[in-house]
Each structure stands twice: as structure tokens, then as C-alpha cells.
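> Task: produce atomic coordinates for the following.
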Amino acid sequence: MAPNIIGSTFILAETAMADANNNKMSTAAATTTTATTTTAAAAAPIKAAPMPAAKPATPQTDAQKATAAAEPFKTQIVWHNIVLFIILHSTALYGLYLIPAESAYLEILPIYLFSFLGGLGITAGVHRLWSHKAYKAKLPLRIFLMLCQSLAFQNSIWEWTRDHRVHHKFTDTHADPHNSRRGFFFAHMGWLLCKKHPDVRGKGKQIDMSDIEADPVVMFQKKYYFVVMPICCFVVPMLIPYYLMGTSLKVCFFSCSMLRYCLSLHGTWLVNSAAHFYGMKPYDVNISSVNSKLVSNITFGEGWHNYHHVFPWDYKAAELGTYNGNWTTAFIDLMAKIGQAYDLKYVSKEMVYKRVLRTGDGSHIAALLDANNNSSAAPTNELVMHLDHEKEENAVWGWDDKDISEEDRKHATIVNSVQESKQD
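Here you go, the predicted model:
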């Protein structure tokens, strides 16, 4: 992180010096022009005197406006965020040190437990449920996922959803909050260390958030976020092992709260960075997102990212036939069985294979079978699960996006439809 911060600091300093010199040169040039104009006006006949006084001012003003409009965007570092991240990572490293130093190996269990619950708040909650509307949830499940998302502490559901929908609609453009074209570090965490590009805010205002604002659970969390979040993220993970396991308060805070929180952040960030750089593109070779088995195992199923960007409204976020590397899907299926989740939407095999043959990189089993003149043999779940898995056409953020194609709606498969499930 340090080389990037230092490098950015020098770039900003050089830019500021250049701007200062340009401003001085422009001022000197303007002074010279004014003096010359004044002398010429004095030497000219009296009748012509009023004319030159007004003319030079108008072109100069227009030129200044044109220059201001054409001025490129400059990255502005947010230094207080850098300080906060330094503190966070320092406390997390100390928490990691305390595990062997205090022989606190059993505390790894609550660290993993709270990481898993926070992960569900992101994957099953704010991602697949609220951002993409890939399924619907009853009130008790929504409250549980809201608390889990507060445990993860990655901004409120409302803000997370808005930014993620913008990411899907304008992937790898200046409107993408974590634009991967600006490099791995920027996509991973650098986007949180500088001010947003103006396009992010501009395009963000175009995203329909009416469905989110109609959910009282989301709006409750937004209103009381800085009360709910600290309790869920820092207090509860610290006090539970303290009272139930007799762990020292120091280990509970630095390991179970700070270390766990830092690790969960980097897990989520890998979806924005590694899952846009290193992997396969079985479904669309023209987009940056890739399928990464490693990222999927870390994020409970969010690493099949090439598939997800092609079909963002699939509640499984993957084509896998088992729960291996996708524990979030297992959780949603369990909630559907007990009646808490319904309207689970997923892509039919026919839709997948058509897209694979049209835009995939050839690594999908369907493309391999087709290449061997054996296209009549449909790939099975067992074959698909062994896969190691620039602009999108009609990019959509999820099921309720008005730009979703009628073909997708027509051929989508819905499990536990709303007609089969009682409302809240």
C-alpha cells in the first residue's frame, strides 16, 4: 500500500506545482495583453476608443471557460481514510500476533463464526437479495440478514446497493466505483482512499432505488446505522467470547473484532480485484470479470464472477451443481425450505449454453463438447462443477432492472414462486 500512497502524493504535488506555474504564466500573459491593448487604444483616434475596450474581454472569458471544461479529472487522496486504514491494519496485525502469544487458538472459532455470519450479510443479504433482487425474503430473514450485514460493516445496505448497481450498469468505466481499468490496487481498496470520480455520483443518481427505499428493514438500518453497526461489528464479537470462553478482553477486541473485520474486508475486496484479473471467462470473454475458484472459497460463493456479470439475477451466482465453493446458495436453499426465502430465480441450461457458445472463451464444457462435434450431449452438473471457471451488451444490475431482456424473463426458472408463498 505504501508505494501507491507515496507515488500518488508525488503525482499530486507535481500537478499542483504545474498548475501554479501555469496560473502565473497565464496571469503574466494577461497583464501583458492588457498593457498592449491600453497603449494601442491611447494611440488610436478618439472615435475608435470604445471598441477595443470590450472585444478582448469576451474571447478571453470564453477561452477560460473552455479550458475549465476540458480540465481532466485529477485523483484526490482522502488522507483521513488512509489514517483509518493504517490504524485498522495495525490493530489487526496485533490481533494476529496475540493468537500465538496468548495461546488463543480456540478463539479462531468465534473469528470464523462471525466472519461467516458477516459474509452471509454481504452475499445472501445486500448482494443477492437487495442489490440484484435474485430472490425474495420474509421479514424475519431480512432482519437477520440486516444484522449480519451490519456485522460486516461495509456501509449501509442502501449505500452498498446503490454502488453495486452502478458497478454492474457501468462496469470498467469512470462511473464504476472500483473500476478495474485503474489497476488491481485501486479495484481492491484504492477506490476507498480517494474521492469518487464525478461520473460515479452522476450515474448513481440514475439508479432506481425505490424498491430499496420501500423496505422498512433497510430504511431502519440506514437511519440508525451508527448505532446498530458498532454493536454488531465490534461489541457483540468481543463480548461473546469474553463471557462464554473466558478469553481476555484484549484478545477479544484485537482478534475477534479487529482482525476478523479486517480479514472480512479483504475477502469482499477480492471480488472487486482478483475476480476481475485472474481466472477464466467461460460465459463472456469480452468483459473483465472472471471465474475464480479461490475467491469463491474465500467469499462463500461470490468468485464465479464471469457468470455473475452475465446473469446477475441468478440467486446462485454460479452454474455449479453442488454447494462446493458456494455456501451462500446452500443457505438460501435452506431458507427456502423453511419458508423464509421465495421467488428464487436462476438461469436455465439452454440459456447458459447459448451464451457460452456465443461469447465464451471456450473453456466451458458445453463449448468443448461443441468443438468435438458432440453438441447434442448436454453437459451434466458433474461436468460443470469441475470447471476452473469491453463492454457488456445491455448491462443490468438485477431482476428488476428495466433494461433486462424479455428473453431472460421468459426463460428464467423461478423456485418457490410468490404465488406458492405467503406474504409477510
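
> Can you tell me the closest non-neighbouring residue to residue 81?
Distances taken as CB to CB, 6 or more residues apart in numbering place residue 193 nearest to residue 81, at 5.3 Å, with adjacent residues excluded. In this view, the C-beta of every residue, glycine as well, is placed from N, C-alpha and C.

> how deep is the one you found tucked in, by neighbour count?
20 (other CB atoms under 10 Å).

> which phi and psi does it have?
Here is the backbone geometry of residue 193 (degrees, to the nearest 10): phi -100, psi 0.

> Checking my notes, residue 72 in a strand, right?
No - counting by DSSP: H, G, I helix; E, B strand; the rest coil, residue 72 is not part of a strand but coil.

> Show me the shaky parts of the stretch 51-200 of the chain.
Confidence mapping of the stretch 51-200 of the chain against pLDDT under 70 gives the ranges 51-71.

> repeat that with 80
For the stretch 51-200 of the chain, residues meeting the criterion pLDDT under 80 lie at 51-72.

> Helices of that one, start to end?
Here the stretch 51-200 of the chain has its helices, by DSSP state H, counting those that start in this stretch, at 57-70, 79-101, 108-120, 139-152, 157-169, 184-188, 198-204.

> CSV please, covering the ones you listed and showing mean neighbour count and distance to residue 127.
Converted to CSV, those look like this (neighbours: other CB atoms under 10 Å; distance: least, CB to CB, whole Å):
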stretch, mean neighbour count, distance to residue 127
helix 57-70, 10, 38
helix 79-101, 15, 22
helix 108-120, 19, 10
helix 139-152, 22, 9
helix 157-169, 22, 7
helix 184-188, 19, 17
helix 198-204, 16, 17
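
> what's the closest of those helices to residue 279?
Among the helices of the stretch 51-200 of the chain, the nearest to residue 279 by CB to CB is helix 184-188 (13.2 Å).

> nearest residue to residue 153 other than its sequence neighbours?
Closest to residue 153 by CB to CB, 6+ apart is residue 233, at 4.2 Å.

> likewise residue 166?
In space, and not counting its chain neighbours, residue 166 is closest to residue 204: 5.1 Å by CB to CB, 6+ apart.

> And residue 73, by the same measure?
Of all residues not flanking residue 73 in the chain, residue 197 sits nearest, at 5.9 Å (CB to CB, 6+ apart).

> measure the one you found to residue 85 for me?
Per CB to CB, to the nearest Å, residue 197 is found 20 Å from residue 85.

> With residue 224 instead?
Between residue 224 and residue 85 the computed distance is 25 Å (CB to CB).

> repeat for residue 302
22 Å.

> pLDDT below threshold where in the stretch 201-350 of the chain?
Using pLDDT under 80, the stretch 201-350 of the chain drops low at 320-321.
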